[in-house]
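J.: What shape does this take:
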Amino acid sequence: MSDPGRSPLYQLTLWRIREFTREPEAMFWIFAFPILLALALGLAFKSRGMPTAHVAVRAGPEAEEIVATLEAAPGLDPVLLDSAEAYRQLRTGRVSLVVHPGTPLVFQYDSTREESLVSRLVTDRAIQRASGRQDVRTIQEVRVTEPGARYIDFLLPGLLGMGIMGTGMWGVGFGIVKTRKERLLKRLLASPMSRSQFLVAFMLSRLVFLGAEVGLLLVFGVLIFGVPVRGSVLAITAIVVLGALAFAGLGLLVASRSKTVEGVSGLLNVVMVPMWICSGVFFAYSNFPDVMQPFLVALPLTALNDALRGVMLDGTGLAATTPLLGIMVAWGLGSFGVALKIFRWH
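T.: Below you'll find the model as predicted:
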């Protein structure tokens, strides 16, 4: 009976684990950085009162009366400026709206900035009310503060997905190219192992640290910000493992022919950066045009983030996430299969 400890797959996986633990930079980016990012964004977007809109009023006739009107309105911080200074502060983002007195009043703002649109609405309402307009209906505000509906609740699963993608692709892709550049692959080629064992060992070594990486960030979010985990921990574990394998497969594919660290770094960024932006890590991907939605939904990071949010925030069962899991499995198997065919030792 053969000793499992002498298996090439076991020895290769153990080698990769030991090599990883000797890289303090990698340990920081995998374990510490996601927690620091969650802390910074969680504090920046924590529940707070109505944001203050910074508005400039251009000096001229009636300008002082407009400033006094806006000062009396909640949520507005007006300042009286000359035309050149008002435009400069608008251009640099220090104010989100410039009011030009006259008949009619002119609102100057950047319509692509959300805060400018809000400032325009609040300023218009304040001026119209001061001019005698009466609201037809009384409106009561109810602000969302309960766990599960806040920005930090949306953000944390996205950070988990981003971290899983980063460790899977960078850990595997960078490790293979580093080994190739140091000419260790030639030595390994002479050992009694197969190409599939070598590649699978890189994927398995990522799973060893996965529990600590995901667990630390998840516990941090629950304890510090009260992020809810309404679904099964086993379901989250299954989603995380499938996501990690999918991105490890992509990392193998990217590194299968890369010869230099600079080359693989560029390729990894080409693959990862679009998903950082388009897969709903920091904001919903539904903000993109409808024509892009089928492509965004098919991305592995989108599937991973949606599955994590469904289980954590909505309590969705694992069976309900089957289509999302299918997307991740397809990416993992497809990329691993292609990497296995095109991989080169030299």
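
J.: which residue sits closest to residue 35 in space, ignoring its chain neighbours?
T.: Nearest in space to residue 35, with sequence neighbours left out and distances taken as C-beta to C-beta, 6 or more residues apart in numbering, is residue 220 at 5.1 Å. For the C-beta atoms, the positions are set from N, CA and C on the backbone; glycine is no exception.

J.: contacting residues around the one you found?
T.: Residue 220 makes contact with 35, 38, 39, according to C-beta atoms under 8 Å, 6 or more residues apart in numbering.

J.: Of these, keep whichever come out buried.
T.: The neighbour-count criterion (16 or more other C-beta atoms under 10 Å) marks 35, 38 among the contacts of residue 220 as buried.

J.: Of the contacts of residue 220, just say which sits nearest to residue 262.
T.: Ranked by distance to residue 262 (C-beta to C-beta), the contacts of residue 220 are led by residue 35 at 29.1 Å.

J.: per-residue confidence at the closest one?
T.: On the pLDDT scale, residue 35 is placed at 73.

J.: residue contacts, it?
T.: Listed by C-beta under 8 Å, 6+ apart, the contact partners of residue 35 are 216, 217, 220.

J.: Narrow those residues to those in helices?
T.: Using DSSP state H, the subset of the contacts of residue 35 located in helices is 216, 217, 220.

J.: in this structure, which spans are strands?
T.: For the chain, the strands defined by DSSP state E cover 53-58, 76-81, 97-100, 106-108.

J.: Among the ones you listed, which comes closest to residue 232?
T.: Among those, the nearest to residue 232 by C-beta to C-beta is strand 53-58 (43.3 Å).

J.: Can you give me the pLDDT of the most centrally placed residue in the chain?
T.: Centroid check for the chain by C-alpha atoms, centre = their mean gives residue 281 as the closest residue, at 2.7 Å. At residue 281, the model reports a pLDDT of 87.

J.: what's near enough to touch it?
T.: Residue 281 sits next to 155, 158, 159, 161, 162, 275, 301, 305 when contact means C-beta under 8 Å, 6+ apart.

J.: and residue 291, how many neighbours?
T.: Residues near residue 291, counting by other C-beta atoms under 10 Å, number 7.

J.: quick one, longest helix in the chain?
T.: helix 151-181.

J.: how far out from the middle of the chain is it?
T.: 11 Å (C-alpha atoms, centre = their mean, to the nearest Å).

J.: Give the buried residues for that helix.
T.: Quick answer for helix 151-181 (16+ other C-beta under 10 Å): 151-177, 179-180.

J.: Over to stretch 261-278?
T.: Residues 264, 265, 267, 268, 271, 272, 275, 276, 278 are the ones in stretch 261-278 that count as buried (16+ other C-beta under 10 Å).

J.: now swap in stretch 278-298 and tell me
T.: The neighbour-count check on stretch 278-298 (16+ other C-beta under 10 Å) flags 278, 279, 280, 281, 285, 296, 297 as buried.

J.: Contact partners for residue 96?
T.: Contacts for residue 96 (C-beta under 8 Å, 6+ apart) come out as 53, 54, 55, 90, 109, 110, 113, 115, 116, 118, 119.

J.: Having no further points to raise, I will conclude here.
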